[in-house]
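**Student:** let's see this in three dimensions:
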Amino acid sequence: MNYLWKKEEIEWLKENYGKVNIQECVEILNRSKHGIQVKACRLGLRDYTKNWKDKDIEILKENYKKGVLYCSKLLGKTKSSIMCQAKKYNLKVDPITKKENYSKAAKLRMKNPKVYISLRAGYKNYCKERFKKLQGKHRYSSDGYTYIRDNTHPNRNSNNYVAEHMKVMSEHLKRSIKENEIIHHIDLDKSNNKLNNLYLFKNKSEHNKSHWSINYLTKELLNKGAIRFKNGKYII
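**Tutor:** Model prediction:
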């Protein structure tokens, strides 16, 4: 399952989204339909202006001053669709209406403070439960590495996921992994994150030397006839 988006995938999506059928996008990118649509939405590629008639646009122009929520209920369309069309035609909400909407919301909070507090508490409980469910969940990226959900790990990324090999090594060393340190998979299998298969290099140059040593061994094995090259592959 692919989790992190590569630059090449994002560039392809920008160039082809809307031109290529969504099912073809799923097959080419090897991602779910929902995942592609969400990414397109975040990149501003999704078209929220479909199925809009001339009458709908006229009604929107006349009533947008009253607010997004009012137009959404009036036209039976989503807020995102309303805001997208408003941006297209440079429509703005009346500032007086904005103040009135804010004051109404404030009055409702003042009238029913217990209800408001209970809603906030309920949302916090929901977040806590979701946090517990996601904690320790595995993700597999297209580059072969395994990521684990950990909101407290010092080496976590912006999505609160940490590479499993980094987590295993940091727990063994009882410290976080430094920026210049590189963890090497001895058997070259990125999914094998057992401690006996990991080796910590101090820097990138030392890690590169280990890979160069593989090239040297390949040359020696070829000369001795232990391995041979056939059809674009090294075989025994």
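**Student:** any buried residues in stretch 52-69, and which?
**Tutor:** Trp52, Asp56, Ile57, Leu60, Tyr64, Lys65, Gly67, Val68 (16 or more other Cβ atoms under 10 Å). (C-beta placed from N, C-alpha, C; glycine too.)
**Student:** cool, and stretch 139-151?
**Tutor:** Arg139, Tyr140, Ser141, Tyr145, Thr146, Tyr147, Ile148, Arg149, Asp150.
**Student:** for stretch 12-22, same thing?
**Tutor:** Using 16+ other Cβ under 10 Å as the test for burial, stretch 12-22 gives Leu13, Tyr17.
**Student:** quick one: mean pLDDT for that stretch?
**Tutor:** Stretch 12-22 carries an average pLDDT of 81.
**Student:** mind checking how far Ile186 is from Glu220?
**Tutor:** 19 Å (Cβ to Cβ, to the nearest Å).
**Student:** actually Asn157, not the one I typed
**Tutor:** 40 Å.
**Student:** can you pull out the low-pLDDT segments for the chain?
**Tutor:** Applying pLDDT under 70 to the chain flags the ranges 1-3, 46-50, 97-137.
**Student:** could you rerun that using 90?
**Tutor:** Filtered on pLDDT under 90, the chain yields the residue ranges 1-57, 59-153, 156-161, 179, 187-191, 210-236.
**Student:** got the domain boundaries for it?
**Tutor:** 7-42, 54-111 (automatic domain parsing).
**Student:** show me the one of those domains that comes nearest Gly225.
**Tutor:** Set against Gly225 and scored by Cβ to Cβ, these come closest in domain 7-42, at 39.7 Å.
**Student:** now Met83. Nearest residue, chain neighbours left out?
**Tutor:** Val68 (6.1 Å; Cβ to Cβ, 6 or more residues apart in numbering).
**Student:** ugh, wrong one, Asp56
**Tutor:** Nearest residue to Asp56 in three dimensions, chain neighbours excluded: Leu75, at 5.7 Å (Cβ to Cβ, 6+ apart).
**Student:** neighbours of the one you found, how many?
**Tutor:** Around Leu75 there are 19 other residues, counting by other Cβ atoms under 10 Å.
**Student:** still on that earlier bit, mind putting the buried residues of stretch 139-151 in JSON lines, secondary structure and distance to Asn180 included?
**Tutor:** Below are the buried residues of stretch 139-151 laid out as JSON lines (DSSP: H, G, I helix; E, B strand; the rest coil; distance: Cβ to Cβ, whole Å):
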{"residue": "Arg139", "secondary structure": "strand", "distance to Asn180": "25"}
{"residue": "Tyr140", "secondary structure": "strand", "distance to Asn180": "26"}
{"residue": "Ser141", "secondary structure": "coil", "distance to Asn180": "22"}
{"residue": "Tyr145", "secondary structure": "coil", "distance to Asn180": "19"}
{"residue": "Thr146", "secondary structure": "strand", "distance to Asn180": "23"}
{"residue": "Tyr147", "secondary structure": "strand", "distance to Asn180": "21"}
{"residue": "Ile148", "secondary structure": "strand", "distance to Asn180": "23"}
{"residue": "Arg149", "secondary structure": "strand", "distance to Asn180": "26"}
{"residue": "Asp150", "secondary structure": "coil", "distance to Asn180": "22"}
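**Student:** nearest to Val93 among these?
**Tutor:** Distances from Val93 to those, taken by Cβ to Cβ, are shortest for Arg149, at 39.1 Å.
**Student:** what bridges to that closest one?
**Tutor:** Using DSSP bridges, the beta-bridge partners of Arg149 come out as Tyr161.
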